[in-house]
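Participant: Sequence isn't available, so here's the structure alone:
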(Lines give C-alpha, C1' and ligand atoms only; values in the text may rest on other atoms or scores of the structure.)
Protein backbone atom coordinates (compact mmCIF):
# COMPACT_ATOMS: atom_id res chain seq x y z
CA UNK A 1 0.00 0.00 0.00
CA UNK A 2 1.42 3.38 -0.95
CA UNK A 3 1.69 6.35 1.36
CA UNK A 4 -0.90 8.21 -0.74
CA UNK A 5 -3.48 5.45 -0.24
CA UNK A 6 -2.82 5.36 3.53
CA UNK A 7 -3.32 9.13 3.80
CA UNK A 8 -6.50 9.02 1.69
CA UNK A 9 -7.86 6.13 3.78
CA UNK A 10 -7.17 7.98 7.03
CA UNK A 11 -8.79 11.16 5.71
CA UNK A 12 -11.81 9.20 4.47
CA UNK A 13 -12.18 7.49 7.84
CA UNK A 14 -11.91 10.84 9.65
CA UNK A 15 -14.55 12.31 7.31
CA UNK A 16 -16.95 9.44 7.98
CA UNK A 17 -16.48 9.84 11.74
CA UNK A 18 -17.15 13.59 11.47
CA UNK A 19 -20.31 13.04 9.41
CA UNK A 20 -21.61 10.47 11.92
CA UNK A 21 -20.80 12.80 14.85
CA UNK A 22 -22.51 15.76 13.14
CA UNK A 23 -25.56 13.60 12.42
CA UNK A 24 -25.72 12.42 16.03
CA UNK A 25 -25.48 16.00 17.30
CA UNK A 26 -28.16 17.20 14.86
CA UNK A 27 -30.43 14.32 15.91
CA UNK A 28 -29.89 15.08 19.60
CA UNK A 29 -30.65 18.78 19.13
CA UNK A 30 -33.85 18.23 17.15
CA UNK A 31 -35.36 15.12 18.73
CA UNK A 32 -38.14 15.41 21.30
CA UNK A 33 -36.72 13.46 24.24
CA UNK A 34 -39.84 13.92 26.40
CA UNK A 35 -41.43 10.52 25.59
CA UNK A 36 -38.16 8.73 26.31
CA UNK A 37 -37.65 10.56 29.59
CA UNK A 38 -41.24 9.81 30.65
CA UNK A 39 -40.82 6.13 29.77
CA UNK A 40 -37.47 5.82 31.56
CA UNK A 41 -38.74 7.59 34.69
CA UNK A 42 -41.98 5.58 34.72
CA UNK A 43 -40.04 2.30 34.55
CA UNK A 44 -37.51 3.41 37.17
CA UNK A 45 -40.24 4.39 39.65
CA UNK A 46 -42.88 1.84 38.61
CA UNK A 47 -45.28 4.81 38.58
CA UNK A 48 -46.67 6.90 35.75
CA UNK A 49 -44.52 9.97 35.12
CA UNK A 50 -45.79 12.64 32.74
CA UNK A 51 -44.18 15.81 31.44
CA UNK A 52 -45.95 18.61 29.58
CA UNK A 53 -42.89 20.04 27.83
CA UNK A 54 -39.18 19.30 28.03
CA UNK A 55 -36.46 21.61 26.75
CA UNK A 56 -32.76 20.85 27.01
CA UNK A 57 -30.09 23.45 26.36
CA UNK A 58 -26.93 21.60 25.39
CA UNK A 59 -24.00 23.48 26.84
CA UNK A 60 -21.95 24.03 29.95
CA UNK A 61 -23.91 24.17 32.17
CA UNK A 62 -26.64 21.98 30.72
CA UNK A 63 -30.01 23.69 31.06
CA UNK A 64 -33.24 21.81 31.59
CA UNK A 65 -36.78 23.17 31.57
CA UNK A 66 -39.88 21.09 32.35
CA UNK A 67 -43.54 22.01 32.63
CA UNK A 68 -46.41 20.05 34.14
CA UNK A 69 -44.31 17.34 35.77
CA UNK A 70 -46.46 14.68 37.46
CA UNK A 71 -45.43 11.55 39.35
CA UNK A 72 -48.31 9.24 40.23
CA UNK A 73 -48.93 8.33 43.83
CA UNK A 74 -48.91 4.80 45.22
CA UNK A 75 -52.14 2.91 44.42
CA UNK A 76 -53.27 3.27 48.04
CA UNK A 77 -52.45 7.01 48.19
CA UNK A 78 -55.00 9.67 49.11
CA UNK A 79 -54.41 11.81 45.99
CA UNK A 80 -53.63 10.83 42.37
CA UNK A 81 -50.18 12.48 42.22
CA UNK A 82 -47.42 12.20 44.77
CA UNK A 83 -45.54 15.02 43.01
CA UNK A 84 -46.83 17.73 40.72
CA UNK A 85 -44.77 20.71 39.61
CA UNK A 86 -46.02 23.47 37.30
CA UNK A 87 -42.54 24.30 36.03
CA UNK A 88 -39.00 23.32 36.84
CA UNK A 89 -35.74 24.71 35.53
CA UNK A 90 -32.25 23.51 36.29
CA UNK A 91 -28.64 24.18 35.46
CA UNK A 92 -26.67 20.94 35.64
CA UNK A 93 -22.94 20.32 35.48
CA UNK A 94 -22.69 18.22 32.29
CA UNK A 95 -19.65 16.32 33.55
CA UNK A 96 -21.62 15.08 36.56
CA UNK A 97 -23.89 13.05 34.28
CA UNK A 98 -21.09 10.73 33.22
CA UNK A 99 -20.02 10.35 36.87
CA UNK A 100 -23.45 9.02 37.84
CA UNK A 101 -24.28 11.69 40.44
CA UNK A 102 -25.95 14.86 39.20
CA UNK A 103 -24.65 18.23 40.35
CA UNK A 104 -27.37 20.88 40.16
CA UNK A 105 -25.82 24.33 40.00
CA UNK A 106 -29.31 25.89 40.22
CA UNK A 107 -32.79 24.44 40.59
CA UNK A 108 -35.98 26.52 40.44
CA UNK A 109 -39.45 25.03 40.98
CA UNK A 110 -42.80 26.79 40.57
CA UNK A 111 -45.81 25.43 42.48
CA UNK A 112 -44.34 22.10 43.55
CA UNK A 113 -46.86 20.00 45.45
CA UNK A 114 -45.39 17.00 47.22
CA UNK A 115 -47.57 14.60 49.19
CA UNK A 116 -45.73 12.13 51.40
CA UNK A 117 -47.81 9.54 53.21
CA UNK A 118 -47.65 6.08 54.74
CA UNK A 119 -50.00 3.15 54.31
CA UNK A 120 -51.49 1.12 57.18
CA UNK A 121 -48.31 -1.02 57.29
CA UNK A 122 -46.08 2.05 57.58
CA UNK A 123 -44.66 1.92 54.04
CA UNK A 124 -44.06 5.36 52.56
CA UNK A 125 -45.30 6.32 49.12
CA UNK A 126 -41.72 7.42 48.39
CA UNK A 127 -40.61 3.78 48.31
CA UNK A 128 -40.50 2.79 44.64
CA UNK A 129 -40.65 -0.74 43.25
CA UNK A 130 -38.82 0.09 40.02
CA UNK A 131 -35.41 -1.32 39.24
CA UNK A 132 -32.59 0.64 40.82
CA UNK A 133 -28.91 0.64 39.91
CA UNK A 134 -26.91 -2.43 40.83
CA UNK A 135 -23.88 -0.51 42.11
CA UNK A 136 -23.20 2.82 43.84
CA UNK A 137 -21.28 4.10 40.79
CA UNK A 138 -24.19 3.91 38.33
CA UNK A 139 -26.57 6.76 37.48
CA UNK A 140 -29.69 6.55 39.64
CA UNK A 141 -33.00 8.27 39.02
CA UNK A 142 -34.01 6.89 42.42
CA UNK A 143 -30.86 6.74 44.60
CA UNK A 144 -30.32 3.43 46.35
CA UNK A 145 -26.99 4.40 47.90
CA UNK A 146 -25.94 7.55 49.77
CA UNK A 147 -23.24 8.26 47.18
CA UNK A 148 -25.91 8.54 44.44
CA UNK A 149 -27.75 11.52 45.94
CA UNK A 150 -27.42 14.59 43.75
CA UNK A 151 -25.62 17.75 44.81
CA UNK A 152 -27.82 20.86 44.99
CA UNK A 153 -25.94 24.16 45.19
CA UNK A 154 -28.75 26.71 44.73
CA UNK A 155 -32.48 26.01 45.11
CA UNK A 156 -35.40 28.41 44.79
CA UNK A 157 -39.10 27.59 45.03
CA UNK A 158 -42.23 29.64 44.44
CA UNK A 159 -45.70 28.82 45.86
CA UNK A 160 -44.80 25.32 46.98
CA UNK A 161 -46.55 22.93 49.34
CA UNK A 162 -45.45 19.72 51.00
CA UNK A 163 -47.60 17.56 53.20
CA UNK A 164 -46.85 14.49 55.26
CA UNK A 165 -49.62 12.12 56.27
CA UNK A 166 -48.74 9.42 58.75
CA UNK A 167 -50.93 6.60 59.92
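Facilitator: Sure, I can see it. Everything numeric here is computed off the predicted structure, so don't read it as measured data.

Participant: Please report how far residue 15 lies from residue 23.
Facilitator: 13 Å (CB to CB, to the nearest Å). No exception for glycine: its C-beta is placed from N, CA and C like everyone else's.

Participant: what helices or strands is the strand ranked longest in the chain leaning on?
Facilitator: Longest strand of the chain, by residue count under DSSP state E: strand 103-117. The helices and strands touching strand 103-117, judged by 3 or more CB pairs under 8 Å, 6 or more residues apart in numbering; DSSP states H and E, are strand 81-92, strand 151-152, strand 155-158, strand 161-165.

Participant: want to try JSON lines for the ones you listed, with mean pLDDT and mean neighbour count as columns?
Facilitator: Shown next, in JSON lines, are the helices and strands packed on strand 103-117 (pLDDT from 0 to 100; neighbours: other CB atoms under 10 Å):
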{"stretch": "strand 81-92", "mean pLDDT": "96", "mean neighbour count": "19"}
{"stretch": "strand 151-152", "mean pLDDT": "86", "mean neighbour count": "12"}
{"stretch": "strand 155-158", "mean pLDDT": "93", "mean neighbour count": "12"}
{"stretch": "strand 161-165", "mean pLDDT": "90", "mean neighbour count": "11"}
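
Participant: Including distance to residue 45, could the ones you listed go into TSV?
Facilitator: What follows is the helices and strands packed on strand 103-117, written out as TSV (distance: least, CB to CB, whole Å):
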stretch	distance to residue 45
strand 81-92	9
strand 151-152	20
strand 155-158	22
strand 161-165	18
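
Participant: Give me the below-cutoff pLDDT ranges for this structure.
Facilitator: Low-confidence regions of the chain, defined by pLDDT under 70, span residues 1, 27-30, 130-147, 167.

Participant: gap between the biggest helix by length in it and the chain center?
Facilitator: In the chain, taking DSSP state H as the definition, the longest helix is helix 3-30. The gap between where helix 3-30 is centred and where its chain is centred comes out at 30 Å by CA atoms, centre = their mean, to the nearest Å.

Participant: which element follows it toward the C-terminus?
Facilitator: Per DSSP states H and E, the first helix or strand lying C-terminal to helix 3-30 is helix 34-45.

Participant: Could you find the closest non-adjacent residue to residue 47?
Facilitator: residue 72 (4.3 Å; CB to CB, 6 or more residues apart in numbering).

Participant: Pull the contacting residues for the one you found.
Facilitator: In this structure, residue 72 makes contact with 47-49, 80-82, judged by CB atoms under 8 Å, 6 or more residues apart in numbering.
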